[in-house]
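Enquirer: sequence and predicted structure below; questions after.
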Amino acid sequence: MTTNLPLAWRDEDVRGFGMAVGGPARVLRPTTADEIAAAFTAARASGTALALRGAGCSYGDASTSVHGSVLDLTRMNRVLAFDPATGVATVEPGVTVRDLWRLAIAHGFWPRVVSGTMAVTMGGAAAMNIHGKNNFALGSFGECVRSFEMLTPRGELVRCSREQEPELFHAAIGGFGMLGCFTKFEIETKRVHSGRLRVWGIVAKDLEHNLQILEDMRGQADYLVAWLDLHGKGAGLGRGLMHRADQMKPGEDPEGLRFLDPCLQDVPPTLLGVVPKGWLWPGMWGAVHLRQVGLVNWLKFKAGAGEQRNSPYLQSHGAFHFLLDYVPRWHWMTKPGGLIQFQPFVPQREGARVLRTLIEKCQAAGHVPYLGVLKRHRPDPFLMTHAVDGYSLAMDFAVRASKSGRDSLWRLCRELAEIVLEAGGRFYYAKDAVLLASSFGRVHGEPTVAAFRAQKQRWDPDRLLQTDLSRRLGV
Amino acid sequence: MPQRSGTCIVVGSSSGIGLAIARRLAQSGRKVAMLARRQAELTAQVATSNDVLGKTQAFAYVHDAADLDTVEPLFARIEQDLGPVDEVHFVAGVMPDVALDEFDLAKDRLQVQVNMLGCIAWGNAAARRFLARKAGCFVGVSSVAQDRGRIGRPVYNASKAGMDTYLEALRNRLWRHGVQVTTIRPGFVETPMTAGLKLKGAISADTAAAKILQARDRQKAIAYVPGKWRLIMFVIRCTPSFLFRRLSI
């Protein structure tokens, strides 16, 4: 197989972002659609399955294939065009959110949907149909994709949009890399009238207060996201700090003009201007391993009052959005076990009850997430959508190195998943690591799963595209 | 420092340092004629600036700095459209990739045409007017690259050195008549021109613009941006040729 390709396969340790799942795999990094096609042809000839992978930011096994073969698209990363009048970018799949926002902001645009880290690739963002802190207002990433080109495992290059091949368009976005490899995107960005946002920090005393703020503000705010201290018990259960951000109107922030310089958007590399943030993770590692996360969270919660007093304040788009990039390699704090994220999406009417139950169960089981992030969502038109008219609560669990610790965490998450599914909730494959094949139909509904399998049969009848996730779910 | 309120011209302002200067000038309330070669990029940037400011401060004039004969009529047109100009920033520049064994006259000619002759054309057009009015300010963005001839980009060095020497002569001519000429020698700045180069410790285009406008306000003759480059380039200038030619910087 190697002989057919000018590129070489390399043996690497391919893991999810959380490091808790994944393992050795052969990796190829194509740089053109032709090289992807050659890899597909060779894989078909030898009966090898391929997993598609972007920047590897999915927490779980969505882009891994232990002892398998992985196509890593990060080197197919050219920006092909950017229209400075409309903000529409034509990009290859390995272009990252960072590449896109740097280009867009220099022209007074910002990507309509960005994740909490800017490392994510366009291909990965579309395959997982990622969302941001404005999901309740502007929807998911797929909604800002105008069109894409996809290379199917059979070697066909298909152009898809809402008008052209609409069925494939809506199935491939959110289709976790099962139907083909994106080779090109047309992505819409939005006009911003300043390089800064107006941001409020609001202390929420418990879960209900957080949910109430989300409901009260979602008609007016552009972005809403709550950090939750999941160590809070009793009256403080689900307490946290809500962040609201609004875009500026023309003329409202003239000083914001110079913040269109991409360098002024980047997350600051040092703490208080001195300490390189790359040095912080060992301290955080100590907090996790000495079981002091509760204390750190309590301090952070208390500091929220100060932020609320100083609100609103002005903050660059980059500094507001990319919280996960503030501390480089922060996830190393969970080594050696790594971390998993469990992010249930719960319908609005069941939100308060279900989320409260989940938090209580975590606390009772002794697996308290070190981080909780609450967001508001709205449904989107994609086949394998994870969005609901309701809430999601992302819970980050440090995985214990011992097998028993790991097993009990997986048991807990499956128990939580059962509660969520009973309430009509959903899951998001960029985050998931625990769902069983039996849950796949319950997440999406059997007819939807059947429709997706039909698409898979049509575009990838040889089942060339497989990941650890797809095998776990029995796609 | 003299308070100026007339129109500003920024040559080369669709991206990088020129754009950052134009934005800061527009934000400070000045009328800014933004000049650049790429029409789509320029009109979009002008529209963006005006949109953020909520009023029309920036005006687009498509201009190729290599097109020397159009400078004089364009200067006149801008004054006619926007009123008397009392501040000109020449920031246009090209820096094509040149291989170490490449001696390509087309690339060389373009660099001399834009970097050096373009600056001379705008300097002359401004000087003629500023001298008559006994007021005005011309800022030319040269480069630390002008301080020495180096193996990487011979004609970039030469074109910037030619520009730099011209600016010095212009300053000496005009200074006695109350006209300011400031030479800026930027070091590493993160701009589209330097995208793809690995520049350690590069500053943002906005920071560079802030320092350039500060040098203007302090009526500096020559300003290194940022200031540490004065020291770095002093050392490089002091390096004797028998040693310098053996280095690959």
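Expert: Yep, that arrived.
Enquirer: taking chain B, what residue is nearest to chain A?
Expert: residue B:54 (1.7 Å; C-beta to the nearest C-beta). Using the backbone N, CA and C atoms, a C-beta is placed for each residue, glycine as well.
Enquirer: tell me which element the nearest residue to residue A:80 once chain neighbours are set aside is part of?
Expert: Nearest-residue entry for residue A:80: residue A:90, 4.3 Å, with adjacent residues in sequence omitted and distances by C-beta to C-beta, 6 or more residues apart in numbering or on different chains. Assigned by DSSP states H and E, residue A:90 belongs to strand A:88-91.
Enquirer: OK, contacts around residue B:179?
Expert: Shown in contact with residue B:179 (C-beta atoms under 8 Å, 6 or more residues apart in numbering or on different chains): B:127, B:130-131, B:134-138.
Enquirer: do you know how far the closest residue to chain B within chain A is from residue A:260?
Expert: Residue nearest to chain B within chain A: residue A:251 (1.7 Å; C-beta to the nearest C-beta). Here the distance between residue A:251 and residue A:260 works out to 15 Å (C-beta to C-beta, to the nearest Å).
Enquirer: likewise residue A:323?
Expert: For residue A:323, the distance to residue A:260 (C-beta to C-beta) stands at 22 Å.
Enquirer: tell me which strands and helices the following helix or strand past the strand holding residue A:90 is in contact with?
Expert: Using DSSP H and E, the next helix or strand after strand A:88-91 towards the C-terminus is helix A:97-105. Judged by 3 or more C-beta pairs under 8 Å, 6 or more residues apart in numbering or on different chains; DSSP states H and E, helix A:97-105 is in contact with strand A:79-82, strand A:88-91, strand A:109-111, helix A:122-128, strand A:181-191, helix A:317-321.
Enquirer: and helix A:97-105, average pLDDT?
Expert: The predicted model gives helix A:97-105 an average pLDDT of 97.
Enquirer: contacts for it?
Expert: For helix A:97-105, contacts defined as C-beta under 8 Å, 6+ apart pick out A:77, A:79, A:82, A:87, A:89, A:91, A:110-111, A:114-115, A:117-122, A:125, A:187, A:189, A:192, A:195, A:260, A:262, A:265, A:317-318.
Enquirer: again with stretch B:189-200
Expert: Around stretch B:189-200, the neighbours that count as contacts under C-beta under 8 Å, 6+ apart are A:262-263, B:15-17, B:93-95, B:188, B:202-205, B:208, B:225.
Enquirer: so what's the residue count around residue A:23?
Expert: By the criterion of other C-beta atoms under 10 Å in any protein chain shown, residue A:23 has 14 neighbours.
Enquirer: sorry, slip of the keys, the one I care about is residue A:418.
Expert: 12.
Enquirer: can you list the buried residues in the helix or strand it falls within?
Expert: Secondary structure from DSSP H and E places residue A:418 in helix A:403-422. For helix A:403-422, a neighbour-count test (16 or more other C-beta atoms under 10 Å in any protein chain shown) marks A:406, A:409-410, A:412-413, A:416-417, A:419-421 as buried.
Enquirer: could I get the full set of helices for chain B?
Expert: Ranges of helices within chain B are B:16-27, B:39-53, B:71-82, B:105-111, B:119-133, B:154-175, B:205-217, B:228-238, B:241-244, based on DSSP state H.
Enquirer: circling back to that earlier point, please pick the buried ones from the contacts of stretch B:189-200.
Expert: Using 16+ other C-beta under 10 Å, the buried ones in the contacts of stretch B:189-200 are A:262-263, B:15-17, B:93-95, B:188, B:202-205, B:208, B:225.
Enquirer: ok, so of those, who is nearest residue A:343?
Expert: residue A:262 (29.9 Å; C-beta to C-beta).
Enquirer: excluding its backbone neighbours, what's nearest that closest one?
Expert: Using C-beta to C-beta, 6+ apart, the nearest residue to residue A:262 is residue A:102, at 4.2 Å.
Enquirer: what about that neighbour, distance to residue A:111?
Expert: 10 Å.
Enquirer: who's more crowded, these two?
Expert: When residue A:102 and residue A:111 are compared for neighbours, residue A:111 comes out ahead with 26 against 19, by other C-beta under 10 Å.
Enquirer: quick one: the helix-or-strand element of chain A with minimal mean pLDDT near chain B?
Expert: Among the helical and strand segments of chain A, the one scoring lowest on mean pLDDT, DSSP states H and E is strand A:270-271, with a mean of 78. No: counting by C-beta under 8 Å from any C-beta of the partner chain, chain B is not contacted by strand A:270-271; separation bottoms out at 13.6 Å.
Enquirer: residues from chain B in reach of chain A?
Expert: Counting by C-beta under 8 Å from any C-beta, the residues of chain B that sit close to chain A are B:15, B:20, B:23-24, B:26-27, B:40-41, B:43-45, B:47-49, B:51-55, B:190, B:203-207, B:209.
Enquirer: can you select the buried ones among those residues for me in PyMOL?
Expert: Typed into PyMOL, the line below selects the buried ones among these, using 16+ other C-beta under 10 Å:
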select buried, chain B and resi 15+20+23+24+26+27+41+43+44+45+47+48+49+51+52+53+190+203+204+205+206+207+209
